[in-house]
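**Student:** sequence and predicted structure are below.
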Amino acid sequence: MSLFEQSENRRFQEAKPLAARMRPKKLSDFVGQTHFLGKGKLLWRLIKAQRLSSLLFFGPPGTGKTTLARLLAQENRYRFVSLSAITSGVKQLREILEQARQELATGGYQTLLFIDEIHRFNKSQQDALLPDVEEGVVIFVGATTANPFFAVNSALVSRSQVFQFESHAPEEIEKLLQRALDDKENGLGDYEVKVDPRALAVLAKLSDGDARRALGGLELAVLSSAEQPIHLTLTLVEEAMQQKAIVYDSSEDQHYDTVSALIKSIRGSDPDAAIYWLAKMLHGGEELRFLCRRLIILASEDIGNADPQALTLTVSCMQACEYIGLPESQLILSQTVAYLAAAPKSNAATLAIFSARSDVASDRILPVPKHLRDGHYPGAKELSHGLGYQYAHSHDEGVSPQDYLGVDKEYYQPTTRGFEATIKKRLEHVRAILRQGKPQEYPVANEEKSVVKKAPVNESLGKEKDVS
């Protein structure tokens with residue numbers, strides 16, 4: 001390469017944005033996607049075995065789809081050719097496939113053909129790939145932000161291994177930002193930058209898992225500063241990202257205070273306040289699973305049988321959020337939060353289980369009444385187990401007048417709100433029938449009770465910090 005060409009290449013490199021300059025040069029420098037690229041995972045094994053077949057990379061922008069395709073070609077010594085489905089047509093595609101065939105036939109390198117935005121190709125364009133993909137003339141790698149099972153021809157999907165890219169975690173973004181600040185060759189290492197402790201963390205969160213956006217924001221913040229040395233503050237980061245940072249950290253009090261406000265607003269039947277606190281949590285980068293988990297708990301704890309549909313809706317919300325992800329999940333969460341806030345409230349089921357567990361955790365545990373015990377094994381009759389049990393379906397209304405507990409206790413006290421009013425009315429009638437089968441007086445103690453040990457308490461309950 002001549003000095004003139006070296007100078008040209010250097011100028012082109014310098015003109016590239018920071019995100020392009022900081023693309024990793026080797027696979028070991030690639031950050032993220034450990035669920036399929038981590039040691040021992042599927043793609044890692046395929047790379048090590050040099051057994052790559054056609055691949056489809058599916059995920060949000062800035063997660064490394066193009067970068068990983070380049071690194072795969074480098075790692076396995078493929079000839080790398082890149083196309084954009086937005087600007088290319090069938091003619092150009094056929095020319096590249098023919099070149100790949102000739103290269104392979106003459107003993108050259110196999111071609112890794114990377115097509116960005118593959119979902120933008122129409123059916124005939126995608127079909128043009130099939131013969132050469134099937135014959136192994138090219139290793140096809142397609143990248144798309146759309147779900148390939150909907151946006152890409154089924155014939156091409158069936159011949160490809162699909163890998164779903166996830167948005168970068170904030171700590172992964174921070175790692176990339178710090179690497180860019182330290183790198184003198186391609187990064188910002190030649191600039192003297194003093195970084196505020198929270199600046200990189202906030203920049204990472206504001207980027208919404210997009211590494212390209214984060215690096216672009218960092219470059220803008222550094223190059224636009226008139227200070228020497230450059231002081232990378234929270235204000236500078238907010239200006240560069242054109243977005244105000246919300247003081248919200250999942251490991252600090254703001255996190256628990258805000259989710260507490262959300263729960264209490266829903267419990268207090270104020271959908272407007274609840275949706276505001278939901279918006280703050282989403283803006284602050286709250287984890288979807290945490291949000292859904294809290295809403296599911298609330299649907300039983302604070303609404304319960306006053307509106308049994310609340311739990312069904314909230315579980316559906318969780319499943320939809322898992323399938324769709326942000327930003328669209330905010331619509332599902334808003335619908336669910338509004339419904340929960342407007343629903344009639346009851347904590348009767350909550351009080352019932354707390355009261356029952358308190359009794360179970362006391363010094364004595366009630367033995368199972370003999371007529372309720374298993375009577376289907378040899379010797380059960382000699383012990384009177386199952387003797388006297390009345391089959392409920394043999395009685396009018398499907399309720400038999402018998403004792404199911406052994407003590408006179410009513411844990412569940414339904415309210416008169418919502419559907420629970422219907423339950424309360426029926427339960428009053430049912431309990432009147434059940435009382436016909438209860439003894440007039442219960443013994444204070446008996447020989448069986450005196451030998452029963454204290455029940456263990458389920459230690460898994462209450463592990464999550466109480467925010468209600």
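**Tutor:** Great, that's in hand.

**Student:** alpha carbons only for contacts and neighbour counts from here, please
**Tutor:** OK.

**Student:** need the strands for the stretch 1-150 of the chain, in chain order.
**Tutor:** For the stretch 1-150 of the chain, applying DSSP state E, counting those that start in this stretch gives strands covering 55-58, 79-84, 111-116, 138-144.

**Student:** which of those sits closest to T350?
**Tutor:** Taking C-alpha to C-alpha, strand 55-58 is the member of the strands of the stretch 1-150 of the chain nearest to T350, at 42.7 Å.

**Student:** what's in contact with that closest one?
**Tutor:** Residues outside strand 55-58 that contact it (C-alpha atoms under 8 Å, 6 or more residues apart in numbering): 65, 139-148, 157, 160-165.

**Student:** repeat that for stretch 370-384.
**Tutor:** Outside stretch 370-384, the residues within contact range by C-alpha under 8 Å, 6+ apart are 385-389, 404.

**Student:** for those residues, which one is nearest A221?
**Tutor:** For those, the minimum distance to A221 (C-alpha to C-alpha) is 70.6 Å, reached by Y404.

**Student:** A19 against R212, yeah?
**Tutor:** Yes. Under the contact definition of C-alpha atoms under 8 Å, A19 touches R212, with a separation of 5.4 Å.

**Student:** now do the contacts for G217.
**Tutor:** Applying C-alpha under 8 Å, 6+ apart, the residues near G217 are 203, 237, 240-241.

**Student:** just N147 next, same as before
**Tutor:** N147 makes contacts with 58-59, as judged by C-alpha under 8 Å, 6+ apart.

**Student:** just for the stretch 301-450 of the chain, where's the confidence low?
**Tutor:** 363-364, 440-450 (pLDDT under 70).

**Student:** what would the strands of the stretch 1-150 of the chain look like in a markdown table with mean pLDDT?
**Tutor:** Conversion of the strands of the stretch 1-150 of the chain to a markdown table gives the following (pLDDT from 0 to 100):
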| stretch | mean pLDDT |
| --- | --- |
| strand 55-58 | 94 |
| strand 79-84 | 92 |
| strand 111-116 | 93 |
| strand 138-144 | 92 |
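
**Student:** which ones among the contacts of stretch 370-384 map onto strands?
**Tutor:** Among these, no residue falls in strands (DSSP state E).

**Student:** please pick the buried ones from the contacts of strand 55-58.
**Tutor:** Judged by neighbour count, with 16 or more other C-alpha atoms under 10 Å as the criterion, the buried members of the contacts of strand 55-58 are 65, 139-146, 148, 157, 160, 162-165.

**Student:** contacting residues around the spatially closest residue to F419 that is not a sequence neighbour?
**Tutor:** With C-alpha to C-alpha, 6 or more residues apart in numbering as the measure, A306 is the residue that lies nearest to F419, at 4.7 Å, once sequence neighbours are left out. With contacts defined as C-alpha under 8 Å, 6+ apart, A306 is in contact with 343-346, 415, 417-421.

**Student:** please spell out the PyMOL selection for the buried subset of these.
**Tutor:** Listed next is the PyMOL selection for buried residues among the contacts of A306, using 16+ other C-alpha under 10 Å:
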select buried, resi 343+344+345+346+415+417+418+419+420
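
**Student:** out of the contacts of stretch 370-384, who's nearest R79?
**Tutor:** Taking C-alpha to C-alpha as the measure, R79 lies nearest Y404 of these, at 75.2 Å.

**Student:** isn't the closest one up against Y389?
**Tutor:** No. Under the criterion of C-alpha under 8 Å, Y404 lies out of contact with Y389, with a separation of 9.8 Å.

**Student:** domains of this protein?
**Tutor:** If the domains of the chain are taken from automatic domain parsing, they occupy 32-164, 170-241, 256-342, 349-451, with pieces of a single domain joined by a plus sign.

**Student:** export the ones you listed as JSON lines, with columns for distance to A15.
**Tutor:** What follows is the domains of the chain, written out as JSON lines (distance: least, C-alpha to C-alpha, whole Å):
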{"stretch": "domain 32-164", "distance to A15": "19"}
{"stretch": "domain 170-241", "distance to A15": "11"}
{"stretch": "domain 256-342", "distance to A15": "33"}
{"stretch": "domain 349-451", "distance to A15": "63"}
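
**Student:** so for R23, which of those domains sits nearest?
**Tutor:** domain 32-164 (6.6 Å).

**Student:** got the contact list for Q242?
**Tutor:** Contacts for Q242 (C-alpha under 8 Å, 6+ apart) come out as none.

**Student:** state the number of residues packed around Y411.
**Tutor:** Number of residues near Y411 (other C-alpha atoms under 10 Å) recorded here: 13.

**Student:** now K280
**Tutor:** When neighbours are counted by other C-alpha under 10 Å, K280 registers 17.

**Student:** got it, and F121?
**Tutor:** Under the neighbour criterion other C-alpha under 10 Å, F121 is assigned a count of 22.

**Student:** so what's the nearest residue to it once chain neighbours are set aside up against?
**Tutor:** The shortest distance from F121 to any residue other than its chain neighbours is 5.5 Å, reached at A85 (C-alpha to C-alpha, 6+ apart). Contacts were defined as C-alpha under 8 Å, 6+ apart; by that measure A85 touches 115-121.

**Student:** one more: D183?
**Tutor:** Contacts were defined as C-alpha under 8 Å, 6+ apart; by that measure D183 touches 189-190.

**Student:** mind redoing it with 6 Å?
**Tutor:** For D183, the contacting residues are G189, taking C-alpha atoms under 6 Å, 6 or more residues apart in numbering as the criterion.

**Student:** how much space separates it from L232?
**Tutor:** Relative to L232, D183 is positioned 17 Å away (criterion: C-alpha to C-alpha, to the nearest Å).

**Student:** distance of L405 from L351?
**Tutor:** 18 Å.

**Student:** picking that back up, for the contacts of stretch 370-384, which one is nearest E428?
**Tutor:** Minimum distance to E428 across these is 16.2 Å, recorded for Y404 (C-alpha to C-alpha).

**Student:** relative to H119, how far out is the closest one?
**Tutor:** According to C-alpha to C-alpha, Y404 stands 62 Å off from H119.

**Student:** the more surrounded of these two?
**Tutor:** Between Y404 and H119, H119 has the larger neighbour count (other C-alpha under 10 Å), namely 22 against 15.

**Student:** could I get the pLDDT score of Y248?
**Tutor:** Reading off the confidence values, Y248 has pLDDT 55.

**Student:** cool, and the one 3 residues further on?
**Tutor:** Residue-level confidence at S251 comes out at 50, pLDDT.

**Student:** what sits closest to K438 if chain neighbours are left out?
**Tutor:** The shortest distance from K438 to any non-neighbouring residue, by C-alpha to C-alpha, 6+ apart, is to D403 (5.1 Å).

**Student:** quick one: low-confidence parts of the stretch 151-300 of the chain?
**Tutor:** For the stretch 151-300 of the chain, residues meeting the criterion pLDDT under 70 lie at 243-254.

**Student:** host element of N186?
**Tutor:** N186 is part of no helix or strand when elements are defined by DSSP states H and E.

**Student:** distance check, it against R213.
**Tutor:** From N186 over to R213 the distance is 17 Å, taken as C-alpha to C-alpha.
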